[in-house]
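**Student:** fold the following.
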Amino acid sequence: MTTSEIRKTFYKYFEDKGHVIVPSAPMVVKDDPTLMFINAGMNQFKDYFLGNETPKNRRVANSQKCLRVSGKHNDLEEVGVDTYHHTMFEMLGNWSFGDYFKEKGIEWAWDLLTEVYKLPKDRLYVTVFEGDKNDKLQIDQESIEIWKKYISEDRIIPASKKDNFWEMGEIGPCGPCTEIHIDLRSDDERQHKDGKSLVNKDHPQVIEIWNIVFIQFNRLANKALVNLPETHVDTGMGLERLAMALQGQKSNYDTDLFQSLIKKLEIISGVHYRANESTDIALRVVSDHIRAIAFSIADGQLPSNTGAGYVIRRILRRALKYAYQNLNLNTPFLGELVSVLIKEMGDAYPEIEKQEKLISKVIQEEEISFFRTLEQGIKRIDQIIENSKSSQKRELEGKAVFELYDTYGFPVDLTSLIAKENEMSIDVDGFNKFLEKQKDRSRNASAIETEDWIELHESNSSSFIGYDQTEANVTVLRYRKIIIKGKTHYQLVLDKTPFYPEGGGQVGDTGHLENNEHQIKIFDTKKENNLIVHFTNEIPSNFNPEFKAIVDSAKRLNTARNHSATHLLHHALRKVLGDHVEQKGSLVNSRYLRFDFSHFSKVTEEQLNEIENLVIQDIERNIRLNEQREVPIETAKQMGAMALFGEKYEDTVRVIQFDESVELCGGIHVPSTSDIGLFKITSESAVAAGIRRIECISGDIAKTYFRDQTAMLENISAVLKKPKNIEKAIHDLIAKNTELSKEIDVLNKDKAVLIKKDLKKKMTTVNGINFLGEKVNLNAASIKDILFQLKGEHDDFVGVLAYADKNKCGISVILSENLVDGKNLNASKIIKDISHHIQGGGGGQAFFATAGGKDPNGIEAAINEAKSML
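**Tutor:** A predicted model of the protein is given here:
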C-alpha cells in the first residue's frame, strides 16, 4: 500500500463513520501569537476545545501538515540522525467535539489498524495513563476496561503523566491519552527480548503510531484542573510511521515517499544510500528538509532572518550544510527535488504544484546566498586560524567558533574539522556558553506570562461590530493580567466591540474605554483563540458600570484608506504585470501600506508609473464599496475573488469589491475610493527570490509627503538662486564637482609623491628591520598606497603611518611577508595592541591591518609602542 493509498483509506474509513473530511490548515500560522507553525493536528480546532467557537460538525477527520522545529516540540537535531523523526510530517487524525468519547475512539482505532490496514495484533501494545498524585488523578481504568475487549491485559501498559497526559500548553484544555505502539523488529529479536519492555524507550523499531487523547480538563494558571463542559476526542497518527509499518520497512526513510527523493539525491550526488553512516544521515536530512522548505514557501512563509522565516532558513541551511560536508555538493541542487516531491504529494496538496516555479526560485536564491556565505566563512576561518596560531593553547576561542556558527552558518563539527587540519582544537565549552546566551536572549525576548481569566459575566459570545460602528456601549466580560518582557499589561474581552483585531495584514485598532469614573487607553487589539482581546496598561477599580468603547477614528480612517488602496494596487499590479502576480504578504497601518507579491524581475520605472496612474484613476472614479458578508466560499470564487495560498477560509466569507477589484477580506475599508485621497508609491524592492515589495502612502500622510517635497524643491531652488531649470542646474553642479574632485585627486597624488620621498629619509633600522613610523597629512587610501609601494621597494620592512582629521584618526601597519613567516610578526596583532592609544580598534591580515580611533593625541604613543615591539 503506497503512502497515498494509506491516506485515502484513512479518509474513507472515517467518512463512513460520519466524519466530515476537512482540508489541512496552512502549516504556517498567521494570526496566533502563541504559535509560528502548526505542530499538531488539533491546532486548527483549538477554539472548539476552548469553547470560543461552536463546531459546524461534531465529527471531523483530516491529514494535517505539521512542522516541529521550534519551541516545546523541537525535533530538528534528531532529524536524519535517527530514522523516525521529521521536521514536516503528516498527522492523520479524527476528532469528536462533544460527541463520542473513549469507547468509540478506541474501538475505531483498533478496527482500522487491525481489520482494515491488517497490522498484526501480536505486534501491538497500548499504553494508558497511570494517574498522577500531584494532579489528584486516578489511573484511567475506563480505558483499560475498553482495551481488554480487544487486546490481552498483559499488553496494556500503565504509563506516566509525561507520556500519557496531553496538554495544549502551560494552560488550556488537556486530558489523559492512550497510545498504540507497534514492534517492527524481526521475529528473532522479538523472541530474544519482549517488545513490552521497549515501549516508550526510544527504540527505533518499537514506536508509537497512534495517540488518542481524551480532552476533559482545563489547566488553570495556578496548575489546578477543572472539568470542561464537554468532553472531546483528539487523535493523531503519523502517516510516515504508519507507512513504515504497512510497507514492512525498518525506517520511515525506506518508505515510497522518501525513497523517491533519496534516489534522486543519489543521482545528483553520486553517493549511494546505505553505503556509509555519515552520507546516509545527509541523504535523510536533505530528503526530509525539502518537504518542510517547499510546503512552508507554498503556505506563504519565505526564508528570512526573523521569526518563522528564520526557522525555514535554518532548516534549508541545515540541509545544505549536510550536503556540503557529506555529499560534496557545493552548487545549488535542492530545486531538482521539488518536481519529485510534487509527483509524490501534489495530488493531496495541490498548492505545491501550483507554486512550483516560485518554490524552486526561492530555494535556488537561498542556495546561492548560502554557498556565497560559506565561501566568506571559509575566508574568515582562515583569518581566525592565522591569528590564533601564535596562541600557546593552539585553540580557536569559543567566541570565534560562535561567530562562524552565527554569522556564516558554520556547524561546529565543520569548524572543528578545519581546525584539526591546521593542528588546532576548538573551545567547545566557550562556544556553548555563547550559544546559551543567545538562546536566553531569544527566550527572554518572547517570554509572556499569562494569568487566568477573571470572569465577570458568564458569556462566551463576543461579537465584532466594527464594520458599522466606531463607538458602542459595552460590558467587560473578562480580563486577565499578562507580563511581557517584565512589563505588566491587561487583556480585556468585551461583550461586543467596534475595535478591529489585528489580522489579514491590518494592524489592530487603538482608542479607549470610558464612563463617568474611568478612561482607559486601548493600545492594541488582537484575536487570540477566536477571542478579540483589548490590550491596556491599567484596569478600572470598578467593572460594574457600562463602558463606552471609542475607536481612534482618525487613525482608523487612515488605516482604511491604506487598506482600500492595497486592493486597488493589487488589481493594478495584475493588470500591468500579469495574472501570475499573487499577494505574498501585506502590512496595513495608519501611516503606510506594504504589499509583497510574486514577480520574477524588478518592476521598471515605467511599469511603476503605469501602476500608480491606474490606482489614481480608480480613486478619481469615486467607485463605491460593494461589501458582501456571509458569502459561500465557492460563490465568492465565481465572483472573481482569489483565495490566497497559506490562508484558511471559513465556509462563508466577506467579499470586498471596488468595480473589477474583488477580494476575500475581513479588513476595514473606505465607503468610496475617492475617500482614499492622494496616493503615492514610495519604494519597490526585492524581498526574496521571486517576491517583490511595494510600499505606498495615501490620504493625510500623502498630503504631508507632497507638501514636504514641494517645500524641499523650493528650498533647493533658492539655494541655486532660482534657476529657470532646476534639474539642469543640479546636473551642472554635479559635473563641476566631479571635475574639481579629479583635480584634487591629481594634487593628492603629487602631494603623496613628495611625502613618500620625505618618508624614505625618515626610515630607521631597528633590530635589523627597516622601520618607518610617522604621522602624515594624507587620507587612508593614499596611506595604504604609499605603504604598499614602500613594502615593494624595501626588504624587512615595517611601516606604521597615521593620519588625523579633526576628532577622527587612523593608523595603518604593513609588514614584509618574510617578517610574518620568519619572525612571527603579525600586523593584525600589532594594530590591536596599539589602537587603544587612539581610543579605537581594528584588525586585518597578518601583513596589513588598520585601525580607526577618536583621539589623535595618542598617535605618537601608538607609533612608539609599535616600534618597541621590534
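**Student:** C-alpha from now on. contacts and neighbour counts both.
**Tutor:** Will do.
**Student:** so where do the helices sit in the stretch 151-300 of the chain?
**Tutor:** Taking DSSP state H, counting those that start in this stretch to define them, one finds helices in the stretch 151-300 of the chain at 161-164, 187-192, 239-246, 256-269, 277-298.
**Student:** now the stretch 1-150 of the chain
**Tutor:** Secondary structure of the stretch 1-150 of the chain (DSSP H, counting those that start in this stretch): helices at 3-16, 46-50, 102-111, 141-147.
**Student:** hang on, the earlier thing: select, out of the helices of the stretch 151-300 of the chain, the one closest to residue 768.
**Tutor:** Each of those has some distance to residue 768 by CA to CA; the shortest is helix 277-298, at 53.3 Å.
**Student:** that closest one: how far from the chain's middle?
**Tutor:** Averaging C-alpha positions (CA atoms, centre = their mean, to the nearest Å) puts helix 277-298 18 Å from its chain's average.
**Student:** quick check: buried residues in that helix?
**Tutor:** Using 16 or more other CA atoms under 10 Å as the burial criterion, the residues of helix 277-298 that qualify are 279-298.
**Student:** ditto for stretch 706-718
**Tutor:** Judged by neighbour count using 16+ other CA under 10 Å, the buried positions of stretch 706-718 are residue 717.
**Student:** any idea how far residue 375 is from residue 642?
**Tutor:** 42 Å (CA to CA, to the nearest Å).
**Student:** residue 399 too?
**Tutor:** The spacing between residue 399 and residue 642, counted by CA to CA, is 50 Å.
**Student:** count the neighbours of residue 122 for me.
**Tutor:** For residue 122, the neighbour count with other CA atoms under 10 Å is 11.
**Student:** what sits against residue 599?
**Tutor:** Residues counted as contacts of residue 599 (CA atoms under 8 Å, 6 or more residues apart in numbering) are 580, 581, 690, 691, 692.
**Student:** partners of the nearest residue to residue 812 once chain neighbours are set aside in the sheet?
**Tutor:** For residue 812, ignoring the flanking residues on the chain, the nearest one in space by CA to CA, 6 or more residues apart in numbering is residue 850 at 4.4 Å. Beta-bridge partners recorded for residue 850 (DSSP bridges): residue 812, residue 843.
**Student:** dump the residue contacts of residue 850.
**Tutor:** When contacts are counted by CA under 8 Å, 6+ apart, residue 850 touches 810, 811, 812, 813, 828, 831, 842, 843, 844.
**Student:** which of the contacts of residue 599 ranks first by neighbour count?
**Tutor:** Result: residue 691 is most packed of those (other CA under 10 Å), 24 neighbours.
**Student:** would you mind measuring from the residue in the chain sticking out farthest from the centre to residue 363?
**Tutor:** Most distant from the centre of the chain: residue 761, at 60.7 Å, with distances by CA atoms, centre = their mean. When distances are taken as CA to CA, residue 761 and residue 363 turn out to be 59 Å apart.
**Student:** local confidence estimate at residue 36?
**Tutor:** According to the model's per-residue confidence, residue 36 sits at a pLDDT of 81.
**Student:** please name the nearest non-neighbouring residue to it.
**Tutor:** Once chain neighbours are set aside, the closest to residue 36 by CA to CA, 6+ apart is residue 29, at 5.3 Å.
**Student:** quick check, the one you found in contact with residue 40.
**Tutor:** No - when contacts are counted by CA atoms under 8 Å, residue 29 is not listed as touching residue 40 (12.0 Å).
**Student:** nearest residue to residue 304 in space, please, no chain neighbours.
**Tutor:** Distance criterion CA to CA, 6+ apart; nearest residue to residue 304, sequence neighbours excluded, is residue 310 at 5.0 Å.
**Student:** and the one you found, its phi and psi?
**Tutor:** When read as degrees, to the nearest 10, the backbone of residue 310 gives phi -70, psi -40.
**Student:** any idea of the pLDDT on it?
**Tutor:** The pLDDT attached to residue 310 in the predicted structure is 83.
**Student:** can you list the low-confidence ranges for the stretch 251-400 of the chain?
**Tutor:** Low-confidence segments of the stretch 251-400 of the chain, defined by pLDDT under 70: 389-392.
**Student:** swap in 80 and give it another go.
**Tutor:** Low-confidence regions of the stretch 251-400 of the chain, defined here as pLDDT under 80, cover residues 305-306, 377, 386-393.
**Student:** count the neighbours of the residue nearest to residue 304 for me.
**Tutor:** Residue crowding around residue 310 was assessed by other CA under 10 Å; the count is 15.
**Student:** just list the residues touching the closest residue to residue 627 other than its chain neighbours, thanks.
**Tutor:** With CA to CA, 6+ apart as the criterion, residue 627 has its nearest non-adjacent residue at 4.9 Å, and that residue is residue 656. Residues touching residue 656, when contacts are defined by CA under 8 Å, 6+ apart, comprise 625, 626, 627, 628, 662, 663, 664, 665.
**Student:** try residue 757
**Tutor:** Neighbouring residues of residue 757 by CA under 8 Å, 6+ apart: there are none.
**Student:** distance of it from residue 776?
**Tutor:** Counting by CA to CA, the gap from residue 757 to residue 776 is 12 Å.
**Student:** same check on residue 49?
**Tutor:** Relative to residue 776, residue 49 is positioned 76 Å away (criterion: CA to CA).
**Student:** which one of the two is surrounded by more residues?
**Tutor:** Neighbour count, other CA under 10 Å: between residue 49 and residue 776, residue 49 has more, with 28 against 15.
**Student:** pretty sure residue 233 is one of the things that one touches, is it not?
**Tutor:** No - distance between residue 49 and residue 233: 9.8 Å, which falls outside the contact criterion (CA under 8 Å).
**Student:** what's the overlap in contacts for the two?
**Tutor:** Between them, residue 49 and residue 233 share the contacting residues 97, 215, judged by CA under 8 Å, 6+ apart.
**Student:** break down the stretch 1-150 of the chain into its strands, ranges please.
**Tutor:** Assigned by DSSP state E, counting those that start in this stretch, the strands in the stretch 1-150 of the chain fall at 20-21, 59-67, 69-70, 73-74, 88-97, 124-129.
**Student:** relative to residue 817, which of these is closest?
**Tutor:** Using CA to CA as the measure, strand 69-70 is the one of the strands of the stretch 1-150 of the chain that comes nearest residue 817, at 48.6 Å.
**Student:** give me the mean pLDDT for the closest one.
**Tutor:** Averaging the model's pLDDT scores along strand 69-70 yields 66.
**Student:** again, but for stretch 500-508
**Tutor:** 94.
**Student:** name the residues that touch it?
**Tutor:** Contacts of stretch 500-508 from elsewhere in the structure, counted by CA under 8 Å, 6+ apart, are 31, 464, 466, 499, 509, 524-527, 532-533, 559, 563, 585-589, 665-668.
**Student:** distance check, residue 366 against residue 795.
**Tutor:** Here residue 366 is placed at a distance of 46 Å from residue 795 (CA to CA).
**Student:** and these two? Which one has more around it.
**Tutor:** Neighbours per residue, other CA under 10 Å: of residue 366 and residue 795, the larger number sits with residue 366, 22 against 15.
**Student:** would you agree the more buried one falls within a helix?
**Tutor:** Yes - the assignment for residue 366 (DSSP: H, G, I helix; E, B strand; the rest coil) places it in a helix.
**Student:** check contacts around it.
**Tutor:** With contacts defined as CA under 8 Å, 6+ apart, the neighbours of residue 366 are 303, 689.
**Student:** now name the helix or strand holding the residue nearest to residue 627.
**Tutor:** Per DSSP states H and E: residue 656 is located in strand 652-658.
**Student:** what pairs with that strand, and is each one parallel or antiparallel?
**Tutor:** Listed by DSSP bridges, the sheet partners of strand 652-658 and their directions read strand 626-632 (antiparallel), strand 661-664 (antiparallel).
**Student:** what comes up buried for it?
**Tutor:** Taking 16+ other CA under 10 Å as the basis for neighbour counts, the residues of strand 652-658 that come out buried are 653, 654, 655, 656, 657, 658.
**Student:** and the residue lying closest to the fifth one once chain neighbours are set aside, what does it touch?
**Tutor:** In space, residue 657 comes closest to residue 626 once its chain neighbours are excluded; the distance is 5.0 Å by CA to CA, 6+ apart. Shown here is residue 626, whose contacts under the criterion CA under 8 Å, 6+ apart are 656, 657, 658.
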